[in-house]
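Student: Pasting a predicted model and its sequence here:
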Amino acid sequence: MSDEILKITSLQTHFFTDQGEIPAVDGVSLTVHKGEVVGIVGESGCGKSVTSLSIMQLVPSPPGKIVGGTIHYKSENLLNASKKRIKDIRGNEISMIFQEPMTSLDPLFTIGNQLREALQIHKKINKKQANQKSIEMLKLVGIPRAEEVMNDYPHQLSGGMRQRVMIAISMACDPEILIADEPTTALDVTIQAQILDLMKKLNHEKDTAILLITHDLGVVAEICDRVIVMYAGQVVEEGTTREILKNPTHPYTKGLIRSIPKLHEKDQKLYSIPGTVPKPKMGMLGCRFKDRCEFAHDRCFSEAPELFSLGNNRYSRCFLLDDTERKVASDAEANTGS
Ligand SMILES: Nc1ncnc2c1ncn2[C@@H]1O[C@H](COP(=O)(O)OP(=O)(O)O)[C@@H](O)[C@H]1O
Ligand code: SF4
Ligand SMILES: [Mg+2]
């Protein structure tokens, strides 16, 4: 499709450690179209950050290395691009924001300084124009007293305000796509909702595509058009947000949905999927979710499920979605019913 902004195909990012080779991202494919908001969701350790860092070649290396796959930005394979080209694209056409804005903002420079610099690196404008545009950007992201904040240092702002500033910096050059890795995780719920609203607004007004990485399916439900569910380095389910929430097919996705806190049931104990995400290993046997799955059966221990296509761009990596197994199950049901 011509409106594909970002297309990752069979990405393999491995870490070469003393304990051996870790396939942290093991064959991940995903596409983000123009103006689309796509979520990557999964518990901590599923490979979400390594996937997003791979896009802009920011995986710490060594020990990390991209050992397979392609990452296309429009028609260009970024894995073949020069360092200079990647530097040009970063912040200009593809922007990134992270969980803790304090690590991305320089404590020694004022907000105005950092915004102006972001603008002047990529756009040929003079200091006065950069100043004006910086104030405009701060207003756009809902920062009150924008002119005064220009002279503030990062530590003078609250966490929510700092994340707004980071969004302003990352949006300053009108990127085609914003990659946001857990942008609201460190913030309290009210501020989190405001930041998500802001991202939604920027997506609507500027048609910026967003790849939103989060462990929280509740966040995905707020703003994403489509969801990719990751588990232990692989995509396990994919579909529109509506479909995934209404009709999840993978047992892991079902578990994540059960874990979303319900607003009206404040006193209830929150469900969490028993066990933890296994560390990916080379040559892992069977389904990676088998030890935590209530539907695990013999086949799940000996064979690794592929990503089954369910039509309508829906995919699920579970044998229960394999047509032959589904048929056996429904025949058995029919037999017991008769
Ligand atoms: N610097 C590193 N060295 C070795 N392994 C790493 C490193 N960073 C990440 N990993 C491996 O990659 C896996 C996925 O990490 P990550 O992408 O950060 O997960 P997520 O963002 O989903 O919480 C980790 O469980 C770990 O095994
Ligand atoms: S393949 Fe088996 S273990 Fe894996 S999610 Fe499906 S039922 Fe569970
Ligand atoms: Mg992460």
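Tutor: Arrived safely. Since the structure is predicted, the reported quantities are computational estimates derived from the model, not experimental observations. Ligands and ions are numbered 1, 2, ... in the order given.
Student: For the chain, which residues are neighbours of ligand 1?
Tutor: Residues of the chain lying near ligand 1 by Cβ under 6 Å from any ligand atom: 15, 17, 22, 24, 42, 44-50, 60, 63, 279. Quick note: C-beta positions are derived from backbone N, CA and C, even for glycine.
Student: Buried among the residues you listed? Need that as a selection in ChimeraX.
Tutor: The following ChimeraX line selects those of the residues of the chain next to ligand 1 that are buried, judged by 16 or more other Cβ atoms under 10 Å:
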select :15,22,24,42,45,46,47,48,49,50
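Student: when you check ligand 2, which of the residues of the chain next to ligand 1 turn up near it?
Tutor: Of the residues of the chain next to ligand 1, not one also sits near ligand 2 (Cβ under 6 Å from any ligand atom).
Student: what residues are up against the residue most central in space within the chain?
Tutor: Of all residues in the chain, the one closest to the mean position by Cα atoms, centre = their mean is Ile213, 2.3 Å from it. Contacts for Ile213 (Cβ atoms under 8 Å, 6 or more residues apart in numbering) come out as Gly39, Ile40, Val41, Lys48, Ser49, Thr51, Ser52, Ile179, Ala180, Asp181, Glu182.
Student: Return the member of the residues of the chain next to ligand 1 nearest to Arg242.
Tutor: Checking the residues of the chain next to ligand 1 against Arg242 by Cβ to Cβ gives Gly42 as the nearest, at 19.2 Å.
Student: Apart from its chain neighbours, what residue comes closest to the closest one?
Tutor: Met230 (3.8 Å; Cβ to Cβ, 6 or more residues apart in numbering).
Student: Three-state assignment for the one you found, please.
Tutor: strand (DSSP: H, G, I helix; E, B strand; the rest coil).
Student: Now do the helices in the stretch 201-338 of the chain.
Tutor: Using DSSP state H, counting those that start in this stretch, the helices assigned to the stretch 201-338 of the chain run over residues 217-223, 241-246, 251-258, 298-302, 323-337.
Student: any low-confidence regions in the stretch 51-200 of the chain?
Tutor: Within the stretch 51-200 of the chain, the segments meeting pLDDT under 70 span 101-102.
Student: What segments of it are helices?
Tutor: Going by DSSP H, counting those that start in this stretch, the stretch 51-200 of the chain shows helices at 83-89, 101-104, 111-122, 127-140, 146-149, 159-171, 189-206.
Student: Outside of the fifth one itself, list whatever touches it.
Tutor: I take that to be helix 146-149. Against helix 146-149 from outside (Cβ under 8 Å, 6+ apart): Ile111, Gly112, Ile135, Leu138, Lys139, Ile143, Leu157, Met161, Val165.
Student: now that helix, how far from the centre of its chain.
Tutor: Put simply, helix 146-149 sits 31 Å off its chain's centre (Cα atoms, centre = their mean, to the nearest Å).
Student: Just the CA trace of it, in CSV.
Tutor: Provided in CSV are the C-alpha atoms of helix 146-149 (Å, rounded to 0.1, in the frame of the first residue of the first chain):
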residue,chain,number,x,y,z
ALA,A,146,4.7,29.6,27.3
GLU,A,147,6.9,32.7,27.0
GLU,A,148,8.0,32.3,30.6
VAL,A,149,8.5,28.6,30.4
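Student: quick one: buried residues of that helix?
Tutor: So for helix 146-149, counting by 16+ other Cβ under 10 Å, buried means Ala146, Val149.
Student: so who does Gly160 touch?
Tutor: Taking Cβ under 8 Å, 6+ apart, one finds Leu187, Ile191, Gln194, Ile195 in contact with Gly160.
Student: Mind jotting down where the strands sit in the stretch 1-150 of the chain?
Tutor: 4-17, 20-33, 37-41, 64-73, 76-77, 94-97 (DSSP state E, counting those that start in this stretch).
Student: Packed most tightly, which of the ones you listed would that be?
Tutor: strand 37-41 (a mean of 25; mean count of other Cβ atoms under 10 Å).
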